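[1] need a structure here:
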Amino acid sequence: MPGWDNRFRHFEVTLSPASVAANTSAEETFTVAGLEATDTIVACNKPTAQAGLGIVGVRVSAADTIAITFGNFTGSAIVPTASQSYKIAAMRQQP
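    This next block holds a predicted model:
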């Protein structure tokens with residue numbers, strides 16, 4: 001359930017991303033109930049570090065959907081740690 005802090009919405013979701021091929025980036029989408037397609041300035045925090053893996057992009061791709069781009073900077077595939085609780089913040093435009 002999202003929380004309110006002025007225009008910022010806060011979410012916490014458990015995600016299990018798929019493998020990211022060597023020396024590439026891959027965008028994956030996940031359901032985050034409460035996101036709106038017009039939400040902007042989206043931030044995402046993976047709770048643990050993994051050598052060679054980074055979050056290189058985050059956007060709301062549709063209502064209730066976040067798209068996270070993972071970058072793999074190694075010569076081998078990396079599977080992001082499964083079942084981790086990611087923290088997400090999104091700024092909601094006010095009328």
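
[2] With Gly75 as the reference, measure out to the most centrally placed residue in the chain.
    The chain has Ile68 as the residue nearest its centroid, 4.2 Å off, counting by Cα atoms, centre = their mean. Ile68 sits 22 Å away from Gly75 when distances are taken as Cβ to Cβ, to the nearest Å. (C-beta placed from N, C-alpha, C; glycine too.)

[3] about what we covered before: would you mind measuring from the residue nearest to the centre of the chain to Ala62?
    Taking Cβ to Cβ, one finds Ile68 at 14 Å from Ala62.

[4] Next: Ala82.
    24 Å.

[5] and what of Asn45?
    For Asn45 relative to Ala62 (Cβ to Cβ), the value is 21 Å.

[6] and what of Val13?
    15 Å.

[7] Among the two, which residue is more densely surrounded?
    It is Val13, of Val13 and Ala62, that has more neighbours when counted by other Cβ atoms under 10 Å, with 15 against 12.

[8] Do I have it right that that one meets Val32?
    Yes - in this structure, Val13 is within contact of Val32 by Cβ atoms under 8 Å, at 5.4 Å.

[9] what's the overlap in contacts for the two?
    Residues touching both Val13 and Val32 (Cβ atoms under 8 Å, 6 or more residues apart in numbering) are Ile88.

[10] Extract the C-alpha trace of the helix or strand that contains Ala90 and format it as CSV.
    Using DSSP states H and E, the element containing Ala90 is strand 84-91. Extracted as CSV, the C-alpha positions of strand 84-91 are listed here (Å, rounded to 0.1, in the frame of the first residue of the first chain):
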residue,chain,number,x,y,z
GLN,A,84,14.0,-8.8,-2.6
SER,A,85,12.0,-5.8,-1.3
TYR,A,86,12.7,-2.9,-3.6
LYS,A,87,11.8,0.6,-2.5
ILE,A,88,10.2,2.9,-5.1
ALA,A,89,9.4,6.6,-4.9
ALA,A,90,7.4,8.5,-7.5
MET,A,91,6.5,12.2,-7.8
